[in-house]
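Asks: Predicted model, plus sequence, below.
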Amino acid sequence: MKVLVVGNGGREHALAWKIKQSPLVKELYCAKGNAGIWQIARKVDISPTDIKNLVKFAKEEKIDLTVVGPEQPLSEGIVDAFEEAGLKIFGHRRSSAILEASKVFAKNFMKKYGIPTAFYETFDNENEAVEFVKKMGTPIVIKADGLAAGKGVVIANSEEEAVNTIKDMFGGRFGEASKRIVIEEFLTGEEASYIAMVKGDKLVPMATSQDHKRVFDNDKGPNTGGMGAYSPAPLVTPEIEKEILEKIMYPTLRGMQSEGRELCGFLYAGLMIGEKGINVLEFNVRMGDPETQPIMRRLKSDLVEHIMDILEGRIESVKPEWSEDYSIGVVMASAGYPGKYEKGKVITGIEDAEKDPDIVVFHAGTDIKDGNLVTSGGRVLTVTATGKTLTEAKEKVYRAVEKIHFEGAHYRRDIGDKGIKRLKQLGIE
């Protein structure tokens, strides 16, 4: 088989790394990828959102399967275009991708189908939004309606911050994405990511994971695309998983199907688990980043085989095998991220870090310039480790992180701590 991966980030490197291991795969391509992906896949110099030329390339190269990583091309109709051209592709059609592409749609959808989520209102008028905040009080959550690369959510802790955020969003901070906004109650608890491969009204759960959205330790600072993750997530007990499936995942599949928006691809529910039960913070129509990285480290079975079975109507036969080891990923980011940051900083030490067979470094914002590996994005690398315990995996990953250097490198030092604390409470670790 010839397989094409679409996307440039750490999620796509992890998917490509796993796909490359399949005995079914003869040749692997990536559009556009990054310096890490280009070590294992042929670079296709086409943007992930240049759908017309991606279709042309896939037809000419006789690509047997395309796997889409990021949300943008899904929301712009890449799957529709590939299917119209008779090409196999794993991902959601444009009509289904709206579940992530519009937070207004997602919140109204959840309300309609009784899927638990925070109390909210939607606004396209600045003054009405400000009045609502004054009535509700703070802390409060303000979300841009459209796609904003994981940065369109602000938790405002004061009225002044909330009002400034509203003005900022309506003032064009995220362009078209913030022409409408959602304002919702602030929920307390612990976040978890629940991801499944889905088709129609059926699903195959992936391993559980927990992401860390805030840029600084102890969940301080602004939201990012994600600063680290681990799998499995001790927070998601078998009882909680049963509730997630019964109250969230299956109702979402059936609801989307009844709307004529049948899902087929990865479905991600970002959850808050706390005093008010299990609530959906957001839906994503693709794997999470950085959750994909530790999840792929634990997947023992053949991802390509699973995807092909789902596309060919055999989802009931898909039974992923998971390592019993814990896996953890720590994001190394550029100084200033998620705000402004510089590019072109030389990266060293990856080979040294990967001398440990339990370490795999996935690239995100990397490029090759004048023969050097350099930074080219906000999130630069995800360093992953596996271990028999979460504590062991954490110790390994931070030893590896310390061996990797680029000017201004920033990373959280507490990835895994929540899970370790919970396991100790359960007497497991």
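Replies: Arrived safely, thanks for sending.

Asks: immediately after whichever strand or helix holds residue 97, which helix or strand?
Replies: Residue 97 belongs to helix 94-101 when assigned by DSSP states H and E. Going down the chain from helix 94-101, the next helix or strand is helix 103-113, by DSSP H and E.

Asks: Which positions in that next one come out as buried?
Replies: 103, 104, 105, 106, 107, 109, 110 (16 or more other C-beta atoms under 10 Å). Placement of C-beta: from N, CA and C, glycine included.

Asks: Stretch 11-22 too?
Replies: 11, 12, 13, 14, 15, 16, 17, 18, 19, 20, 22.

Asks: Need those residues in a markdown table (columns: pLDDT).
Replies: Output for the buried residues of stretch 11-22, formatted as a markdown table (pLDDT from 0 to 100):
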| residue | pLDDT |
| --- | --- |
| 11 | 98 |
| 12 | 98 |
| 13 | 98 |
| 14 | 98 |
| 15 | 98 |
| 16 | 98 |
| 17 | 98 |
| 18 | 98 |
| 19 | 98 |
| 20 | 98 |
| 22 | 98 |
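
Asks: from these, which is closest to residue 403?
Replies: Nearest to residue 403 among those is residue 13, at 18.8 Å by C-beta to C-beta.

Asks: related to what we said a few turns ago, show me how far the helix holding residue 97 is from its chain's centre.
Replies: 15 Å (C-alpha atoms, centre = their mean, to the nearest Å).

Asks: swap in stretch 318-336?
Replies: A distance of 11 Å separates the C-alpha centroid of stretch 318-336 from that of its chain, computed with C-alpha atoms, centre = their mean.

Asks: and if you look at stretch 73-92?
Replies: 19 Å.

Asks: The residue nearest to residue 287 when sequence neighbours are not counted: which element?
Replies: Distance criterion C-beta to C-beta, 6 or more residues apart in numbering; nearest residue to residue 287, sequence neighbours excluded, is residue 266 at 4.8 Å. Element membership for residue 266 (DSSP H and E) is strand 264-274.

Asks: what does the average pLDDT come to for that strand?
Replies: Averaged across strand 264-274, pLDDT comes to 97.

Asks: what lines up beside it in the sheet?
Replies: strand 190-199 (antiparallel), strand 277-284 (antiparallel) (DSSP bridges).

Asks: would a markdown table of those strands with mean neighbour count be doable?
Replies: Formatted as a markdown table, the strands paired with strand 264-274 follow (neighbours: other C-beta atoms under 10 Å):
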| stretch | mean neighbour count |
| --- | --- |
| strand 190-199 | 23 |
| strand 277-284 | 20 |
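
Asks: Nearest to residue 395 among those would be which one?
Replies: Ranking the strands paired with strand 264-274 by distance to residue 395, with C-beta to C-beta as the measure, places strand 190-199 first at 22.5 Å.

Asks: where does the stretch 201-350 of the chain have low pLDDT?
Replies: For the stretch 201-350 of the chain, no stretch has pLDDT under 70.

Asks: Okay, strands next: where are they in it?
Replies: 202-205, 210-211, 214-216, 220-223, 228-231, 264-274, 277-284, 326-333 (DSSP state E, counting those that start in this stretch).

Asks: and the last one, C-alpha only, in CSV?
Replies: C-alpha atoms of strand 326-333 as CSV (Å, rounded to 0.1, in the frame of the first residue of the first chain):
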residue,chain,number,x,y,z
TYR,A,326,2.4,3.9,30.9
SER,A,327,3.4,6.5,28.2
ILE,A,328,4.1,10.2,28.7
GLY,A,329,4.8,13.1,26.3
VAL,A,330,6.3,16.4,27.2
VAL,A,331,6.1,19.3,24.8
MET,A,332,9.2,21.5,24.3
ALA,A,333,8.0,24.9,23.1
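
Asks: So which elements touch it?
Replies: strand 228-231, helix 292-298, strand 379-387, helix 390-401 (3 or more C-beta pairs under 8 Å, 6 or more residues apart in numbering; DSSP states H and E).

Asks: Got the domain ranges for the protein?
Replies: 2-93, 119-185, 190-425 (automatic domain parsing).
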